[in-house]
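>>> Got a predicted model here, sequence first, then my questions.
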Amino acid sequence: MKIAYIHDAVYPFVKGGAEKRMYELSRRLARRGHEVHIFGMRWWGQETETELEGVRLHGVCRALPLYSRGRRSIRAAVAFTRSVLPHLAKEKFDVIDCYQAPYLHAFPAKTMALLKGTPLVITWHEVWRGYWREYLGSLGAVGRVMEKVILLGMADRVIAVSDQTKDDLISLGISVEKISVVPNGIDFGEISGIPPAAERLDVVYLGRLIKPKNVDVLLRAVAALRGEFPELKVGIIGDGPERGTLEKLAGELGINKNVKFFGFVEDFREVIGLMKSSKVFVIPSTQEGGASIVTLEANACGLPAIAVDHPLGIDKRLILEGKTGFFVKLSPDAIADRVGTLLRDEKLRGKISANAMELSRSYDWNRIVGLVERVYSEI
């Protein structure tokens, strides 16, 4: 098959869950003999086209900052949308897979799909519904309408990255027959072969430092735990617009000696090594859309996961309550209580660790790529 992916951000130049998913699937599809193209911004330099691990990358416009004031940049989305159509028009594909964000690019993707007689897949990561107003204010109504228009009128098939996303799509009126669940994955073999880092941690967070990730709540939980665990070591891996605010908060809470901000860590092996050197993984995010690659990676490292119970958070089927981790309320006390329990009870932590590693095996990318290949073949 000749497959086109459309997404403004391209891994490894931009590192995020959606970008990692596209990278892992596209290179594995290329290894299976498919011709795979990715249409995104030119993150790699001035060349319009380049190749990465057998996948052809098309830079439809210069790279622009994806975020402005902590939110997705409308300017960048418009620039990408305006530029993608002429590049798509040059070739005919068997399947076009358009990733959900930044939404606007679904319109030129559908235009080209109709002109070329190509089926259009939209990979959907999260359904926002009421969150649109919180995210965009008065413009939220436009986003909410656009979300439904794209889903109901454009896609020949919708790929949901979690069962929770599938349930949310059905609630919007999408036919269950139109939805295929293809979850996110991990490279279990690679993770298994990486040794722990020399630096020891008790708790680790991995992700962007933006408001919906609620890292401030984790810092307040650390402050609550410090009385019982004065030598508590917490690693914050990642960067983003909230980093300065979070570092200032850590100082105000008097936990600078307990918390280390690693910033963005380029080397994946170093990231996994740091996770393996820890005991507990905490992801207080209320914006995951059900799926979470970093949670799967933490499980593969043998870490119990503590996540927030929230409609836009992690799918309840991704973390098995009491077996591979726990869901808690979004509060410092609730997070501190669960972290404290796991740090005190080494036997419990060991049991959950073994369960988490076993669960993560079933999410290996080599299995997931077979699922997405089947969806493309069917349509």
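Sure thing, it's come through.
>>> can you pull the contacts of the nearest residue to Gly263 once chain neighbours are set aside?
The shortest distance from Gly263 to any non-neighbouring residue, by C-beta to C-beta, 6 or more residues apart in numbering, is to Asp239 (5.1 Å). Bear in mind the C-beta positions are built from the backbone N, C-alpha and C, glycine included. Contacts for Asp239 (C-beta atoms under 8 Å, 6 or more residues apart in numbering) come out as Arg208, Leu209, Gly263, Phe264.
>>> Can you give me the pLDDT of the third one?
Confidence at Gly263, expressed as pLDDT, is 95.
>>> If it is in a bridge, with which residues?
Per DSSP bridges, the residues bridged to Gly263 are Ile237.
>>> That one is in contact with Gly244, isn't it?
No. Look at Gly263 against Gly244 with C-beta atoms under 8 Å: they stay out of range, at 11.7 Å.
>>> And these two? Which one has more around it.
Gly263 (13 against 10; other C-beta atoms under 10 Å).
>>> A strand includes Tyr5, no?
Yes. Remark: Tyr5 belongs to a strand, assigned using DSSP: H, G, I helix; E, B strand; the rest coil.
>>> Just give the closest residue to it, not the sequence neighbours.
Setting aside the residues directly before and after it, Tyr5 is nearest to Ile38 in space (C-beta to C-beta, 6+ apart), at 4.6 Å.
>>> Next, give phi and psi for that neighbour.
Main-chain dihedrals, Ile38, degrees, to the nearest 10: phi -120, psi 130.
>>> Contact partners for it?
With C-beta under 8 Å, 6+ apart, Ile38 has these contacts: Ala4, Tyr5, Ile6, His7, Val10, Met22, Ser26, Val55, Arg56, Leu57, His58.
>>> As JSON lines, the residues you listed with pLDDT would be great.
Compiled in JSON lines, the contacts of Ile38 are given as follows (pLDDT from 0 to 100):
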{"residue": "Ala4", "pLDDT": "98"}
{"residue": "Tyr5", "pLDDT": "98"}
{"residue": "Ile6", "pLDDT": "97"}
{"residue": "His7", "pLDDT": "96"}
{"residue": "Val10", "pLDDT": "96"}
{"residue": "Met22", "pLDDT": "97"}
{"residue": "Ser26", "pLDDT": "98"}
{"residue": "Val55", "pLDDT": "98"}
{"residue": "Arg56", "pLDDT": "98"}
{"residue": "Leu57", "pLDDT": "98"}
{"residue": "His58", "pLDDT": "98"}
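>>> what's the most distant pair in those residues?
Using C-beta to C-beta, these span at most 14.3 Å, a distance reached by His7 and Arg56.
>>> Which of the two has more residues huddled nearby?
His7 (24 against 17).
>>> Pop the domain breakdown of the protein in here.
2-185+364-378, 188-361 (automatic domain parsing).
>>> rank those domains by pLDDT, which is bottom?
For the domains of the chain, mean pLDDT drops lowest on domain 2-185+364-378, to a mean of 89.
>>> quick one: that one to chain centroid distance?
Centroid separation for domain 2-185+364-378 versus its chain: 13 Å, with C-alpha atoms, centre = their mean, to the nearest Å.
>>> can you check stretch 359-368 too?
For stretch 359-368, the separation from the chain centroid amounts to 16 Å (computed by C-alpha atoms, centre = their mean).
>>> what do you get for stretch 366-379?
Worked out by C-alpha atoms, centre = their mean, stretch 366-379 lies 20 Å from the chain centre.
>>> which residues are contacting it?
Contacts with stretch 366-379, where a contact means C-beta under 8 Å, 6+ apart, come from 1, 3, 24-25, 28-29, 32, 34, 94-95, 97, 119, 121, 156-157, 159, 180, 182-185.
>>> Please repeat the previous calculation with a cut-off of 10 Å.
1, 3, 21, 24-29, 31-32, 34, 94-95, 97, 118-121, 123, 156-157, 159, 180-189, 361-362 (C-beta atoms under 10 Å, 6 or more residues apart in numbering).
>>> Tell me the buried residues within those.
The neighbour count (16 or more other C-beta atoms under 10 Å) marks 3, 21, 24-29, 34, 95, 97, 118-121, 123, 157, 159, 180-188 as buried among the contacts of stretch 366-379.
>>> how about Ser192, what does it touch?
Ser192 touches Ile272, Ala300, Cys301, Gly302, Met357, Ser360, Arg361, counting by C-beta under 10 Å, 6+ apart.
>>> could you measure it against Ala77, distance?
Noted for Ser192: a distance of 38 Å to Ala77, by C-beta to C-beta, to the nearest Å.
>>> same thing with Arg56?
Arg56 sits 23 Å away from Ala77, going by C-beta to C-beta.
>>> which residues in this protein form helices?
Secondary structure of the chain by DSSP state H: the helices cover 17-31, 74-88, 106-116, 131-136, 140-153, 163-171, 188-192, 215-225, 243-252, 268-276, 293-300, 332-344, 346-361, 365-378.
>>> highest average neighbour count across the ones you listed?
Of all these, helix 293-300 has the most neighbours on average by mean count of other C-beta atoms under 10 Å, namely a mean of 27.
>>> I'm done for today, thanks for sticking with me.
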